[in-house]
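Novice: Generate a structure from the sequence data that follows.
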Amino acid sequence: MDSLKQKMLGPHILFPLFPSPLLCREKEPTMSETPPRATLSSEGQALVAYLDRRDWRLEDALDEKALRALLADAPLVTVMEVGGVSRDEARALTPADLYRLWLEVSSPDRGPRYAAWFNLGVELSARGALDEAALAYQNAVAEKPDLHVAAVNLGLVLESQGKHAAALAVWEQALQPVEARTALLNHQGRLLETLDRFEEAETLLYKSLLLDPHQHDAYTHWLHLRLKMCAWPVFGPPLPGRSVGEMIQGAGGLSVLSLFDDNARINEWVESWLVRKMPQPCEQLAPPEGYAHDKIRIGYLSSDYCLHPISMLMVEVLERHDRSSFEIIGYCSSPEDGSGLRQRILAAFDRVERVRDLSDEALARRIRADEIDILVDLNGLTEGTRLGALRWRPAPVQVTYLGYVGSMPIPELDYAIADRYVVPEALAHDFYPQPLYMPRVYQANDTQAEIGPEETRADVGLPEDRFIYCCFSNTYKITEEIFEAWMSILRRVENSVLWVLARNPWAQASMRRHAEARGVDPARLIFAAPTGPAQYLSRLRLADLFLDTYPYNSGTTASDALRMGLPMVTLAGRTFSSRMAGSLLHQVGLGACVAETLDDYINIAARLGASPAAYRPVRESLAGDIWRRTLGDTAAFVHDLEEQFRRIRKAP
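Specialist: Okay, here's the model as predicted:
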């Protein structure tokens, strides 16, 4: 039985515990492992030797009869061993076949049937036979009701089939030893979050953390949920045994940018994350001297080739690359969303490699085989990251761009595309990797984005006679500090309202409560209804002044506002993410709208809202073609980018 217990804890990994925007990759083990032949027990070696004698086919009655007789006397441990060998050697007789037959013919003293049912479920799940896998896991739970790993995997199978209510019910009803309760609570919380049931998800994750406050991945989810819900203060609920400093260290990548204007803290978080999630492999694949190609091969790697801000910014860049000097290859790990933008961006590549199902090592070896000169990672530390592949160094030059706008001290990254405003030389000493400075601006743009028909303020529920402040950034960027600044502005400019895009009701309720507590009528908060990209751009024209977030500035949204003639006020800090909007404002001649302190931010926004004479020239400065000549000059951007690529390319 001891050997069986060891196999139940084996390394074979099936489903991720936390597939999330926050990069959590804790796994559930299965009860099977793949041993080398040399380590098989004597019974296992005998069974493998017997199977080696001929090409086994279960449809052959003689083969099946002989195998049934052999398995009837085999202990389960032997079946586990032989199943692993069968999987590795790609035999016609699969591990699932072995488990099925053993369950039919074995006696109770040959081993616990729940373990065989569980392993059968694992094998069937890996083959995509989800209905059969669910039945196997159900049988495992029926044999051993407190087998929580079977309940976990059963719920995951149901979830993957879209049976969300059934998955939640399985996890809620599972018998749970205390040490397993956290996994079941975490799965419920994760799924509830994907179903936009944030409050329930936050409650269950907090319960899990009270049981074990040192769960990195559960804590990351919980904190990000609180940021999205504007549940201020986000570090408010206590976690016994965990200090605020430890709580900060457990934040996710995007949460860190939302909370801290401090590269040193961001670097510390990234280094800790690397140790936990992506240790460096032993092998570095690319030749350090580079390749001697006539055309420079650029590989763009992303999980966001779909209706996503990254594609919105990058699509025209890819279309405009000089094909006489460059070959452009896309490594796509994004899902099919049927959008026109996805079709357009995939068509912009010379070749597309679909790599979503590849492991990090397999992806790295694919890139190495393609002899990519410069690999551009468009994810960074965001959902769908493939930094694990970059750690294999599949290209001689590796660059990060747009996806994660924070310092990333990852040795295998050579450059981060930036400009001298977002990463000034005075602050570059603790920014990683080395900035690859664009001569004008760091941000690319698409000049061909569709703009919807014009609407009136009445069409979207805005008052005609008020000064309209707005913010259309994600709610996880809206901190309590910046919201308090907005309320100060509204108190000073009485004839004003704040138009906010808050996609969840908990954020809206929180903002109303905090507005009232700060002496502002909650009715002065108007929540924008979600809309499509084209109509969203059109609606920006209805506002008077965009109030930026801090320390995680608007990026794509800031450029969108300026494109539509909407001025904005931003607060510039000391990190890339807190200086993005300032870079864009300086490009269009609105450097006066960039504040250096929170008081300046409040004063600038209040003055523009209270004084038509101060506001009018700011608005008029955006009325011409200033955006198209600066931020929208994609041809110039591509020229600058290609010059930088020529400079950093390695060739023997």
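Novice: Could you use CA atoms for every contact and neighbour count after this?
Specialist: OK.
Novice: Tell me, how many residues neighbour residue 151?
Specialist: Applying other CA atoms under 10 Å, we find 27 residues neighbouring residue 151.
Novice: now residue 244
Specialist: Neighbour tally, residue 244, other CA under 10 Å: 12.
Novice: who touches the closest residue to it other than its chain neighbours in this structure?
Specialist: In space, and not counting its chain neighbours, residue 244 is closest to residue 235: 7.3 Å by CA to CA, 6 or more residues apart in numbering. Listed by CA atoms under 8 Å, 6 or more residues apart in numbering, the contact partners of residue 235 are 223, 244, 247.
Novice: Could you pick out which of these are located in strands?
Specialist: With strands taken from DSSP state E, there is no overlap with those.
Novice: from those, which is closest to residue 272?
Specialist: For the contacts of residue 235, the minimum distance to residue 272 (CA to CA) is 13.1 Å, reached by residue 247.
Novice: Hmm, residue 68 is touching residue 99, no?
Specialist: No. If you go by CA atoms under 8 Å, residue 68 and residue 99 don't touch, sitting 11.2 Å apart.
Novice: Neighbour count: these two, which is higher?
Specialist: residue 99 (24 against 18).
Novice: Next SSE downstream of the helix or strand where the more buried one lies?
Specialist: Element membership of residue 99 [criterion: DSSP states H and E] is helix 95-105. Next helix or strand after helix 95-105 toward the C-terminus (DSSP H and E): helix 113-126.
Novice: For burial, what's the neighbour tally of the nearest residue to residue 133 once chain neighbours are set aside?
Specialist: Spatial nearest neighbour of residue 133, chain neighbours left out: residue 121 (4.3 Å); criterion: CA to CA, 6+ apart. Using other CA under 10 Å, residue 121 has 31 other residues around it.
Novice: Kindly provide the distance from residue 121 to residue 99.
Specialist: According to CA to CA, to the nearest Å, residue 121 stands 10 Å off from residue 99.
Novice: helices or strands up against the helix holding residue 99?
Specialist: helix 61-72, helix 76-88, helix 113-126 (3 or more CA pairs under 8 Å, 6 or more residues apart in numbering; DSSP states H and E).
Novice: care to break this protein down by domain?
Specialist: 2-223+234-248, 296-437, 458-629 (automatic domain parsing).
Novice: May I see the ones you listed arranged in TSV, with distance to residue 643 and mean pLDDT as well?
Specialist: Listed next are the domains of the chain as TSV, based on distance: least, CA to CA, whole Å; pLDDT from 0 to 100:
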stretch	distance to residue 643	mean pLDDT
domain 2-223+234-248	33	73
domain 296-437	11	97
domain 458-629	20	98
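Novice: Just send those domains back as TSV, with distance to residue 640 too.
Specialist: Below are those laid out as TSV (distance: least, CA to CA, whole Å):
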stretch	distance to residue 640
domain 2-223+234-248	32
domain 296-437	10
domain 458-629	15
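Novice: just so I have it, where are all the strands in the stretch 251-400 of the chain?
Specialist: 296-302, 326-332, 351-354, 374-377, 397-400 (DSSP state E, counting those that start in this stretch).
Novice: what's the closest of the ones you listed to residue 363?
Specialist: strand 326-332 (9.0 Å).
Novice: which residues are contacting the closest one?
Specialist: 295-305, 318, 321, 346, 349-356.
Novice: cutoff 6 Å now
Specialist: Outside strand 326-332, the residues that touch it by CA atoms under 6 Å, 6 or more residues apart in numbering are 295-303, 349-355.
Novice: Can you tell me which of those comes closest to residue 594?
Specialist: Among the contacts of strand 326-332, residue 302 lies closest to residue 594 (CA to CA), at 31.7 Å.
Novice: Next, the closest residue to that closest one other than its chain neighbours: phi, psi?
Specialist: In space, and not counting its chain neighbours, residue 302 is closest to residue 378: 5.2 Å by CA to CA, 6+ apart. The phi and psi values for residue 378, taken as degrees, to the nearest 10, are phi -100, psi 10.
Novice: on that earlier part again, same list, the strands of the stretch 251-400 of the chain, but as CSV with mean neighbour count and distance to residue 137 please.
Specialist: Below are the strands of the stretch 251-400 of the chain laid out as CSV (neighbours: other CA atoms under 10 Å; distance: least, CA to CA, whole Å):
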stretch, mean neighbour count, distance to residue 137
strand 296-302, 24, 35
strand 326-332, 22, 33
strand 351-354, 15, 32
strand 374-377, 25, 39
strand 397-400, 24, 42
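Novice: With distance to residue 132 added, can I get those strands in JSON lines?
Specialist: Output for the strands of the stretch 251-400 of the chain, formatted as JSON lines (distance: least, CA to CA, whole Å):
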{"stretch": "strand 296-302", "distance to residue 132": "34"}
{"stretch": "strand 326-332", "distance to residue 132": "31"}
{"stretch": "strand 351-354", "distance to residue 132": "28"}
{"stretch": "strand 374-377", "distance to residue 132": "38"}
{"stretch": "strand 397-400", "distance to residue 132": "42"}
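Novice: about what we covered before: where does the residue nearest to residue 244 fall, secondary structure wise?
Specialist: Residue 235 belongs to no helix or strand, assigned by DSSP H and E.
Novice: ok, now the one 4 residues further on?
Specialist: For residue 239, there is no host helix or strand (DSSP H and E).
Novice: before we move on, back to that, am I right that the residue nearest to residue 302 is in contact with residue 401?
Specialist: Yes. Judged on CA atoms under 6 Å, residue 378 makes contact with residue 401 at a distance of 5.3 Å.
Novice: Neighbour count: those two, which is higher?
Specialist: Ranked by neighbour count (other CA under 10 Å), residue 378 and residue 401 place residue 378 first, with 24 against 20.
Novice: residues contacting that one?
Specialist: So residue 378 contacts 301-302, 401-403 (CA under 6 Å, 6+ apart).
Novice: Please report how far it lies from residue 280.
Specialist: In terms of CA to CA, residue 378 sits 20 Å off from residue 280.
Novice: For burial, what's the neighbour tally of residue 622?
Specialist: 19.
Novice: roughly how far apart are it and residue 589?
Specialist: Residue 622 is 9 Å from residue 589, by CA to CA.
Novice: What of residue 357?
Specialist: 46 Å.
Novice: Same check on residue 294?
Specialist: 41 Å.
Novice: if you count what's nearby, which of these two comes out ahead?
Specialist: residue 589 (15 against 10).
Novice: Using the three-state scheme, assign that one.
Specialist: coil (DSSP: H, G, I helix; E, B strand; the rest coil).
Novice: To which secondary structure element is residue 570 assigned?
Specialist: For residue 570, the host element (DSSP H and E) is strand 568-571.
Novice: What's the separation between residue 562 and residue 435?
Specialist: For residue 562, the distance to residue 435 - CA to CA - is 25 Å.
Novice: Same question for residue 240.
Specialist: 41 Å.
Novice: Just want to know which of the two has more residues nearby.
Specialist: residue 435 (22 against 12).
Novice: Neighbours of the residue nearest to that one when sequence neighbours are not counted, how many?
Specialist: For residue 435, ignoring the flanking residues on the chain, the nearest one in space by CA to CA, 6+ apart is residue 416 at 4.9 Å. Residue 416: 27 surrounding residues under other CA under 10 Å.
Novice: Are we agreed that residue 416 is in a strand?
Specialist: Yes. According to three-state DSSP, residue 416 belongs to a strand.
Novice: for it, what are its contacts?
Specialist: With CA under 6 Å, 6+ apart, residue 416 has these contacts: 399-401, 433, 435-436.
Novice: Tell me the spacing between the residue nearest to residue 244 and residue 323.
Specialist: 51 Å.
Novice: cool, residue 397 as well?
Specialist: Counting by CA to CA, the gap from residue 397 to residue 323 is 20 Å.
Novice: just residue 433 next, same as before
Specialist: 28 Å.
Novice: Could you look up the SS state of residue 582?
Specialist: Residue 582 - assigned by three-state DSSP - is helix.
Novice: Excluding sequence neighbours, find me the nearest residue to it.
Specialist: Leaving aside its sequence neighbours, residue 582 sits nearest to residue 594 (CA to CA, 6+ apart; 5.8 Å).
Novice: Next, the buried residues of the strand holding residue 570.
Specialist: Neighbour counts over strand 568-571 (16 or more other CA atoms under 10 Å) mark 568-571 as buried.
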